[in-house]
Structure formats: structure tokens, C-alpha cells
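Novice: Here's a sequence, model it:
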Amino acid sequence: MRTCISDRRKERIREVLAKRQKDLTLVFDNVWDPHNVSAVLRSCDAFGVPEVHLYYTTSAFPDIGRKSSASARKWVRRTRHSDARAMTALLRERGMRILATGFSKTAKPLTEWDLAEPTAIVLSNEHGGTSSELLPLCDGMIYIPMSGMVQSFNVSVAGAIILYEAWRQRFAQGAYNRPTFSDEELGALNSEWCGK
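Specialist: Just a heads-up that it's a prediction; the model follows:
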């Protein structure tokens, strides 16, 4: 394991970790396209999401390739799950509400949700939508308002738009000005990142 290259890099790592939003995450629900997964991971890094949850029951987690996603996969922790109830229980223990993406009579537009609150957002499979066993465990449904003929975005675009709105709301409240991790957690993460 190599050490950090320079003091400048160490400072950059400290700055980035201080802005990570411990209480904002995504759940990949059987999202199979490796390009979409890679793109969403890059958006997670860009908007300060430190960890994503991989719920894969009907397909294998895609091989996203080392080269195409190296810049993001190093900085976003991935936790695998195969049990919907156990996963949602873990997220709720962390104080998060869980929102599915999609359209229903009770779905609310993206901008009507307070995404500065602790939140996990389920990005669903490109073809099948939210898994039938996972959907009843969600606390609500979120959708992105659109004005065109097409009714939905590509999952990687949807992920970026949702995370940008979360960033916008949180930035307005100063959430990126104070760490969400404890000093002990930041120390451990700093050591881990300096070894990458």
C-alpha cells in the first residue's frame, strides 16, 4: 500500500472527506448496464455520496471495468445486499428514509422532497422498475418532472439529476460546510484514502 504522494494531495483528501454526506446514499436495484453504474458512481463522488448499496437479486453486479470507472470506484464504497428487509432495516437504523424512483399516484416531484434530510434513493432496474419485494419497504416515491414526449431519463442521468437537487438543497443549508463523519471516522477514512 503506497502513501499519499504529497502534502497537497493529503489536503485535497481532507477537504473532500469533510464534504462527504454520510446521510445521503443510493441503492442500485438490479441496475445491469455497466456504463450506467459507472456514470452514477462518478456522480456520487462529485456530489459527496460516500457509499452506495448494491441490491442485486435477479442479475449479477456488472463488471464496470477498472479503467472506465477508476476515478470513482476508488472513492465510493459499495456494499452488497441480497435481502431487501435486512438492507432497508440497516438504512433505517442509520436514520434514513427510503425513496423509490418511479411514477405512481402517490409519487411526488423531486423538488417537493426535502433531500437535506437523511435519505436513501432507490435507482431501479432499467427495464423492470423497482423490485416487487423492495417497493413495499420504501417510504415514498420520487420522480423527475419532464416536459417532453419521453417519460423517463436514462438511469445514470436520473441519478445525476437527483443528486444535484440533493446537493443544491444541502448546499443552501450549509451542509457541505461541516463534516457529517465523526473525527474518528474521518481519521480512519483519511488513512484508507491515503493508501489508494
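Novice: Okay, now the unreliable bits of this structure?
Specialist: Residue ranges of the chain with pLDDT under 70: 1-4, 65-70.
Novice: For the residue nearest the centre of the chain, give me phi and psi.
Specialist: When Cα atoms, centre = their mean is applied to the chain, the residue found nearest the centroid is residue 26 (3.1 Å). Phi and psi for residue 26, reported as degrees, to the nearest 10, are phi -120, psi 150.
Novice: Backbone torsions only: list them for residue 179.
Specialist: Dihedral angles (degrees, to the nearest 10) for residue 179: phi -70, psi 150.
Novice: which ones are touching it?
Specialist: By Cβ atoms under 8 Å, 6 or more residues apart in numbering, the residues touching residue 179 are 17-20, 186. No exception for glycine: its C-beta is placed from N, CA and C like everyone else's.
Novice: that older thread, where's the closest residue in space to the residue nearest to the centre of the chain that isn't next to it in sequence, which helix or strand?
Specialist: In this structure, residue 26 finds its nearest non-sequential neighbour in residue 52, 4.8 Å apart by Cβ to Cβ, 6 or more residues apart in numbering. Residue 52 is part of strand 51-55, with elements assigned from DSSP states H and E.
Novice: Could I get the buried residue list for that strand?
Specialist: 52-55 (16 or more other Cβ atoms under 10 Å).
Novice: Okay, now the sheet partners of it, with direction.
Specialist: Paired with strand 51-55 in the same sheet, following DSSP bridges, are strand 24-29 (parallel), strand 77-81 (parallel).
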